[in-house]
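1. from the sequence below, what's the structure:
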Amino acid sequence: MAEKGQAPKTTSVRPIMTDAGIKAKTGKDWAYWYGALDKAGAAKLDHRGIVAVLNGKMKLGPWWGQMIAVSYERAKGIRAVNQKCDGEFSVSVTKVMPVGLTELFTAATDAKTRKKWFPPGAFEETSKTKNKYWRGKWKKDGRLEVGFYAKGPGRAQIAVQSNKLSGSDAVDAERAAWKKALEKLRLILPA
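-> Predicted structure coming up:
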């Protein structure tokens, strides 16, 4: 990260999409966007400020403004991969399962079944809406958000997001643990 008051140098972190992809969607390549943001003083702005420049002066819509801002922040070393604009790290893992939405939600959230697939760590449920989401405190200071989505007849997706991680190493460990856990869940689902 850059010293306070100094513009960070561009790193070799790859943007969210290819140069050809961003040019096809916005009419400009990454060199243009990074140069325009540098010229606008974006390296000294927070995330909201960068998005405001993109949406205001550069006339991008909210989605493209967010995507370009995140890629710029990563390229400038202002933000790491898996780091949110508030500085916290999070990771998401998803898996489509071969059961309906209700079956997946029930199997995933049932306390008895959870013991068979859930990774180690203290979990304290704080809210749950049938067939939609399940949230709670995770480990010591973390937050866990689990979403459930119908994906057609006999198929549903589970999306686990672990928030308030300590850094990139924690992201990698958490991703691996949840991938393994979701595979265990798939194996215990009704056939």
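
2. in the helix ranked longest in the chain, what's buried?
-> For the chain, the helix with the greatest residue count under DSSP state H is helix 168-188. For helix 168-188, burial by neighbour count (16 or more other C-beta atoms under 10 Å) applies to 170-171, 174-175, 177-178, 181-182, 185-186. Using the backbone N, CA and C atoms, a C-beta is placed for each residue, glycine as well.

3. what is that helix packed up against?
-> strand 89-97, helix 101-109, helix 111-117, strand 156-165 (3 or more C-beta pairs under 8 Å, 6 or more residues apart in numbering; DSSP states H and E).

4. between it and strand 89-97, how big is the angle?
-> 20 degrees (axes from the mean of the first three to the mean of the last three C-alpha atoms, to 10 degrees).

5. can we start the residue count at 365 from this point?
-> All right, first residue 365 from here; so that's helix 532-552.

6. export only the CA atoms of helix 532-552, formatted as PDB.
-> Taking C-alpha atoms only, helix 532-552 is exported to PDB below (Å, rounded to 0.1, in the frame of the first residue of the first chain):
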ATOM      1  CA  SER A 532      -5.200 -13.300   2.500                       C
ATOM      2  CA  ASP A 533      -3.900 -16.400   4.300                       C
ATOM      3  CA  ALA A 534      -7.200 -16.700   6.200                       C
ATOM      4  CA  VAL A 535      -9.100 -16.300   3.000                       C
ATOM      5  CA  ASP A 536      -7.200 -19.300   1.400                       C
ATOM      6  CA  ALA A 537      -7.800 -21.400   4.500                       C
ATOM      7  CA  GLU A 538     -11.400 -20.500   4.800                       C
ATOM      8  CA  ARG A 539     -12.000 -21.200   1.000                       C
ATOM      9  CA  ALA A 540     -10.400 -24.600   1.300                       C
ATOM     10  CA  ALA A 541     -12.500 -25.500   4.400                       C
ATOM     11  CA  TRP A 542     -15.800 -24.500   2.800                       C
ATOM     12  CA  LYS A 543     -15.100 -26.300  -0.500                       C
ATOM     13  CA  LYS A 544     -14.400 -29.500   1.500                       C
ATOM     14  CA  ALA A 545     -17.500 -28.800   3.700                       C
ATOM     15  CA  LEU A 546     -19.800 -28.300   0.700                       C
ATOM     16  CA  GLU A 547     -18.600 -31.500  -0.800                       C
ATOM     17  CA  LYS A 548     -19.400 -33.300   2.400                       C
ATOM     18  CA  LEU A 549     -22.900 -31.800   2.400                       C
ATOM     19  CA  ARG A 550     -23.400 -33.000  -1.200                       C
ATOM     20  CA  LEU A 551     -22.600 -36.500  -0.100                       C
ATOM     21  CA  ILE A 552     -25.100 -36.600   2.700                       C
END
